[in-house]
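J.: just a sequence and a predicted model for now, questions to come.
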Amino acid sequence: MKPIYESIIPSANASFKVESYGPTSKCETAGWHIHPEYEIVYVKNGSGTLKIGNKTYNYTDGTLVFLAGNIPHSDFGNNEKKNSQEIVIQFSKETVYDRLTLFPELHGMKQLIEMSKYVLIFEDEVKANLSTYLERFDALDNQGKLINLFFILDYLSRNDQYVCLFDSYPINKYKKNEIDRLEEAFEYVNNNYSKNISVAQISHQLGYTANSFCRFFKKMTNRRFIDFVNEFRIEKAVEAFNENNTMIAQVMYNSGFNDPSYFTKQFKKYQGMTPSVYLKSKYAQSLT
């Protein structure tokens, strides 16, 4: 089965993405998927099966995995324990690896990232020693998160307590030009979400007709382009609300919506509540 291409979108003022999942919250792309970003996954406890490329790996007390981009895989977590937790860290080659070349002192971290193409599964001792750092991301601001990430990479680079899931780099079935075009489409949305998104313009830019571009996007992501754009805009609206911008109309326009009823409908679709209810809930939490 061909994997679905996942779009990784860091939050505002961040260069990488960190997500935390528990027993009642699961990653939306828990199925067979692929993305160009590097990924570190920490599963606190419980047993499960890693499905990566054409390999499977069973773990019994959580796991800590580091894999390179463009390797198809499914969700790693499990719901076995009530206190189970899965931390997923995702970053692009440009965010970390390319910048490490500027500092020869960080050669060990660069080597670690290069080795991740074989999919590194770390021993329990390494996972236990890093658990505090991996579980503290939610309590840190963006600067603290970046420092924490580099600490984790530094620690992992100084340990050889891991097994390689692959002996050679697992080549995926996507064509490079398809990946490049999809990334260009994501970048177009990222740069223009607050404006009118023109399917005709992005199609022409990528060398497609409008219909062929929509078919291409659906084939690669298993979703309609308009749905992706709406969800992206709602994520930007949530970021704005979380930064204490409570002017719903202003957030709506800044996020690329012009119709209040349509904005409310899309917000409820992706957040499970209306913008006003979301703000009331957030305000109530700040008082506790």
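T.: Great, that's in hand.
J.: mind checking how far the closest residue to residue 72 other than its chain neighbours is from residue 206?
T.: Nearest residue to residue 72 in three dimensions, chain neighbours excluded: residue 3, at 3.9 Å (CB to CB, 6 or more residues apart in numbering). Where C-beta positions appear, they are placed from N, C-alpha and C, glycine not excepted. Going from residue 3 to residue 206 by CB to CB, to the nearest Å gives 21 Å.
J.: the more surrounded of these two?
T.: residue 3 (22 against 17; other CB atoms under 10 Å).
J.: surely the more buried one is in contact with residue 34?
T.: Yes: the pair residue 3 / residue 34 is scored as a contact, 4.2 Å apart, by CB atoms under 8 Å.
J.: okay, the helix or strand containing residue 270 in CSV with CA atoms only?
T.: Per DSSP states H and E: residue 270 is located in helix 260-271. Extracted in CSV, the C-alpha atoms of helix 260-271 (Å, rounded to 0.1, in the frame of the first residue of the first chain):
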residue,chain,number,x,y,z
PRO,A,260,-18.0,34.6,9.6
SER,A,261,-20.4,31.7,9.2
TYR,A,262,-18.0,29.7,7.1
PHE,A,263,-15.1,30.4,9.5
THR,A,264,-17.2,29.2,12.4
LYS,A,265,-18.2,26.1,10.5
GLN,A,266,-14.6,25.2,9.6
PHE,A,267,-13.3,26.0,13.1
LYS,A,268,-15.9,23.7,14.7
LYS,A,269,-15.1,21.0,12.1
TYR,A,270,-11.4,20.9,13.1
GLN,A,271,-11.5,22.0,16.7
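J.: what does it contact?
T.: 230-231, 233-235, 237-238, 249, 252, 255, 257, 273-275, 278 (CB atoms under 8 Å, 6 or more residues apart in numbering).
J.: can you classify the spatially most central residue of the chain by secondary structure?
T.: Centroid-nearest residue in the chain, with CA atoms, centre = their mean: residue 8, separated by 4.1 Å. Classification of residue 8 by DSSP: H, G, I helix; E, B strand; the rest coil places it in coil.
J.: and residue 58, that's in a strand?
T.: Yes: according to three-state DSSP, the state of residue 58 is that of a strand.
J.: wait, what's in contact with it?
T.: 47-50.
J.: now swap in residue 276 and tell me
T.: With CB under 8 Å, 6+ apart, residue 276 has these contacts: residue 248.
J.: now it: which helix or strand?
T.: Per DSSP H and E: helix 275-287 holds residue 276.
J.: still on that earlier bit, how about the contacts of residue 58 in a markdown table, adding secondary structure, pLDDT and neighbour count?
T.: Output for these, formatted as a markdown table (DSSP: H, G, I helix; E, B strand; the rest coil; pLDDT from 0 to 100; neighbours: other CB atoms under 10 Å):
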| residue | secondary structure | pLDDT | neighbour count |
| --- | --- | --- | --- |
| 47 | coil | 88 | 14 |
| 48 | strand | 87 | 21 |
| 49 | strand | 87 | 11 |
| 50 | strand | 89 | 21 |
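J.: got TSV for those residues, with distance to residue 113 too?
T.: Shown next, in TSV, are the contacts of residue 58 (distance: CB to CB, whole Å):
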residue	distance to residue 113
47	28
48	25
49	25
50	19
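J.: could you report the pLDDT at residue 190?
T.: On pLDDT, residue 190 comes in at 83.
J.: may I ask you to confirm that it belongs to a strand?
T.: No: assessed with three-state DSSP, residue 190 is helix; it does not lie in a strand.
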